[in-house]
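Below is the structure, and that's it, no one-letter string:
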């Protein structure tokens, strides 16, 4: 096993490490939210109604900003000036209800629900190539020092594996989503996934020199600011921020651009590659509910994380951005 494929990074393990340790004609973009509510109403316990974010697209004018950091992890360097054009972005992460509407309309089957292609994974024994996804399990529960477990049958609609459901979590961010899955949903809405620069511009909320999206105060100081891990990772999350695991979208104050959960809750896909030599080396941003003060600390706009594009986990989701139509130029000008 190579060092790069066997290294634990911020609560993440590659597919190989996990698997090898296991045995065995309406515009959809305009109606996705309404249809998501219809789908969600068919399930019991739709979710925590105390979280009521404004579910809309936020238009950002774009511009030049300071991207990256010289004081964070090495991969965040250098601090530099970047520029993005105007775009719109969903105020929240895509929820289970919204993703369910997409599935109902298209019949799409996610990566986690498909048996992996042996030709794409020659390093994994054929008998271990089964449909499923990576699920976080505390060592206090599993009795194992390995807190990531590949669970056959785990997927967006069965987050902990066979027998688990979305009851009570329709307003939580959808998880167990590969890059391909996120891209398919974004295309369905008429949108796309954000570039790394667009995502970071949006996450900073106008505070481009601050350490966090809300300023310089640490996430666990004062009132809860995001859904992160409190306590000693990976043993116990005290849930002092109100949640253990994912939270409904929009439970914490939005940033300066009226965007929710750009920090914590779930990692979010971007279109960037982490390793330009490897087309499967995707890049995710924002941190998740597993990021802790004693482990990871990637709950900052500048932080960046590698993730295999053809694999999914229980702490990765996404949100969608949209190109803005440019005003037409009058003839003769």
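Everything's here; your move. As the structure is a prediction and not an experimental result, all values here were calculated from the model. Residues are numbered from 1 along each chain as shown.

From here on, just use CA atoms for contacts and neighbour counts.
Fine.

you'd agree residue 215 is up against residue 206?
No. Under the contact definition of CA atoms under 8 Å, residue 215 does not touch residue 206, with a separation of 10.3 Å.

Let me see the contact set for residue 228.
Residue 228 sits next to 219, 241, 264, 265, 288, 289, 290, 291, 292, 299 when contact means CA atoms under 8 Å, 6 or more residues apart in numbering.

Just the pLDDT at the fourth one, thanks.
It refers to residue 265. Confidence per residue is given as pLDDT, and for residue 265 that number is 98.

tell me the contacts of it?
Applying CA under 8 Å, 6+ apart as the definition, the contact partners of residue 265 turn out to be 173, 226, 227, 228, 245, 246, 247, 287, 288, 289, 315.

Please repeat the previous calculation with a cut-off of 6 Å.
By CA atoms under 6 Å, 6 or more residues apart in numbering, the contact list for residue 265 reads 227, 246, 288, 289.

Out of the residues you listed, which comes closest to residue 273?
Taking CA to CA as the measure, residue 273 lies nearest residue 288 of the contacts of residue 265, at 19.4 Å.

what ranges do the helices span in the stretch 151-300 of the chain?
Secondary structure of the stretch 151-300 of the chain, counting by DSSP state H, counting those that start in this stretch: helices at 179-189, 196-204.

Direction included, what does the top strand by length along the chain pair against?
Ranked by residue count, the top strand of the chain under DSSP state E comes out as strand 267-273. Strand partners for strand 267-273, identified by DSSP bridges, are recorded as strand 281-285 (antiparallel), strand 316-317 (parallel).

how about those strands, which one is nearest residue 191?
The stretch from the strands paired with strand 267-273 with the least distance to residue 191 (CA to CA) is strand 316-317; that distance is 15.8 Å.

Mind checking the pLDDT average for the closest one?
Regarding strand 316-317, the rounded mean pLDDT is 98.

which non-adjacent residue is nearest residue 315?
Closest residue in space to residue 315, ignoring its immediate chain neighbours: residue 266 at 5.0 Å, by CA to CA, 6 or more residues apart in numbering.

wouldn't the one you found be in contact with residue 316 here?
Yes. Checked against CA atoms under 6 Å, the pair residue 266 and residue 316 is within contact range at 5.1 Å.

Which one of those two is surrounded by more residues?
The neighbour comparison of residue 266 against residue 316 (other CA atoms under 10 Å) goes to residue 266, with 33 against 25.

wait, what's in contact with the more buried one?
For residue 266, the residues meeting the contact criterion (CA under 6 Å, 6+ apart) are 288, 315, 316, 317.

And it, how far from residue 136?
Between residue 266 and residue 136 the computed distance is 13 Å (CA to CA, to the nearest Å).

how distant is stretch 176-191 from the center of its chain?
12 Å (CA atoms, centre = their mean, to the nearest Å).

In that stretch, which residues are buried?
Going by neighbour count (16 or more other CA atoms under 10 Å), the buried part of stretch 176-191 is 176-179, 181-186, 188-189, 191.

can I get these in TSV with distance to residue 76?
Supplementary listing: the buried residues of stretch 176-191 in TSV, determined by distance: CA to CA, whole Å:
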residue	distance to residue 76
176	26
177	24
178	23
179	21
181	26
182	24
183	25
184	28
185	29
186	27
188	32
189	31
191	27
